[in-house]
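Novice: show me the folded form of this:
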Amino acid sequence: MAKMIHSMIRVLDEDRSVAFYKQAFGLEIADRLDFPEFTLLYLSNSETGFELELTVNKGRTEPYDLGDGYGHLAVSVPDAAAEHARFEAEGLAPRKLVDFAPAGEVIARFFFVADPDGYQVEVLERGGRYL
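Specialist: Numbering: from 1, shown residues only. From the prediction side, this is the model:
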């Protein structure tokens, strides 16, 4: 059986991206692989074995075009409202907190936030299938 281990995104500014993911989600650098033309950074925390891989292509100065195929990353938190308030207080500019209830019953509580490169991250309250 396959096991998901990481997802990779390309970022323009290593320091800016590492700072965002640490502030927003408590992710720390678990490993760093430096090569002549690019650097790979693996970010994680004690909540999960899944990692976010940041690829920094050296010498790149133009922002990446995210295109129309990218969707979002998702993380779960114990209390979405508390995290939303913290994100606001820390200037992370979260979008509105949503109680998703398509048939009248709330099946998810979440908000989105954009990282420094424009990647969207969904912050879901733990519960149901979102543990």
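
Novice: can you pull the pLDDT of S76?
Specialist: pLDDT, S76: 94.

Novice: I misspoke; the intended subject was M4.
Specialist: 88.

Novice: okay but it is in contact with G49, surely?
Specialist: No - judged on Cβ atoms under 8 Å, M4 makes no contact with G49 at a distance of 9.2 Å. For every residue, glycine as well, the C-beta is placed using N, CA and C.

Novice: excluding chain neighbours, what is closest to V77?
Specialist: Closest residue in space to V77, ignoring its immediate chain neighbours: E83 at 4.8 Å, by Cβ to Cβ, 6 or more residues apart in numbering.

Novice: now the one you found: which helix or strand?
Specialist: helix 80-89 (DSSP states H and E).

Novice: so what touches that helix?
Specialist: A24, V77, A93, P94, L97, R109, F110, F111, V113, V123, L124, E125 (Cβ atoms under 8 Å, 6 or more residues apart in numbering).

Novice: buried ones among those?
Specialist: Buried subset of the contacts of helix 80-89 (neighbour count, 16 or more other Cβ atoms under 10 Å): A24, V77, P94, L97, R109, F110, F111, V113, V123, L124, E125.

Novice: out of the residues you listed, which one sits closest to N57?
Specialist: Nearest to N57 among the buried ones among the contacts of helix 80-89, counting by Cβ to Cβ, is A24 at 22.9 Å.

Novice: separation between that closest one and T55?
Specialist: Distance of A24 to T55, given as Cβ to Cβ, to the nearest Å: 19 Å.

Novice: and if you look at S76?
Specialist: Taken as Cβ to Cβ, the span from S76 to T55 is 25 Å.

Novice: neighbour count for these two, which is higher?
Specialist: Using other Cβ atoms under 10 Å as the criterion, S76 and T55 rank with S76 on top: 17 against 14.
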